[in-house]
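> Show me the folded form of this:
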Amino acid sequence: MLDWWEKNFATCELGDRRLNERAMSISFALSQGFGKALSEIFSGATVLKRAYEFFLTPKSNLPR
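Okay, the predicted model is just below:
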């Protein structure tokens, strides 16, 4: 899964350094816990909440 992560996220550019770092950390965690529930992948409530908030960020979504 690490190859998948590097190929898809290691050079992401969302226009904000913090968003880039959040995208990379979330995607890395997802690649390590592929197939598990988000609550199993993210160690604590705060980290899980930050992941959900990131998913709602307009810059983190692809255009439709």
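> Walking through the chain, point out its helices one by one.
Counting by DSSP state H, the chain has helices at residues 2-9, 17-32, 38-41, 45-56.
> Lowest average confidence across those helices, which one?
Note on those: lowest mean pLDDT is at helix 2-9, with a mean of 70.
> How many neighbouring residues does Ala10 have?
Applying other C-beta atoms under 10 Å, we find 11 residues neighbouring Ala10. All C-beta atoms are positioned from the backbone trio N, CA, C, and that covers glycine.
> what's the answer for the one 5 residues further on, then?
Under the neighbour criterion other C-beta under 10 Å, Gly15 is assigned a count of 7.
> Repeat that for Arg22.
For Arg22, the neighbour count with other C-beta under 10 Å is 19.
> residues contacting it?
If you count contacts by C-beta atoms under 8 Å, 6 or more residues apart in numbering, Arg22 has them with Arg50, Phe54.
> Can you say which of the helices of the chain is packed in most?
Most buried of the helices of the chain, by mean neighbour count (mean count of other C-beta atoms under 10 Å): helix 17-32, with a mean of 16.
> can you state the direction angle for that one and helix 2-9?
150 degrees (axes from the mean of the first three to the mean of the last three C-alpha atoms, to 10 degrees).
> got the CA positions of helix 17-32 in CSV?
Taking C-alpha atoms only, helix 17-32 is exported to CSV below (Å, rounded to 0.1, in the frame of the first residue of the first chain):
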residue,chain,number,x,y,z
ARG,A,17,0.8,23.7,3.4
ARG,A,18,-1.5,22.6,6.3
LEU,A,19,-4.0,21.0,4.0
ASN,A,20,-1.2,19.3,2.1
GLU,A,21,0.2,17.9,5.4
ARG,A,22,-3.2,16.8,6.6
ALA,A,23,-4.0,15.1,3.2
MET,A,24,-0.7,13.2,3.4
SER,A,25,-1.1,12.1,7.0
ILE,A,26,-4.7,11.0,6.4
SER,A,27,-4.0,9.2,3.2
PHE,A,28,-1.0,7.5,4.8
ALA,A,29,-3.1,6.3,7.7
LEU,A,30,-5.8,5.1,5.3
SER,A,31,-3.2,3.2,3.2
GLN,A,32,-1.9,1.5,6.4
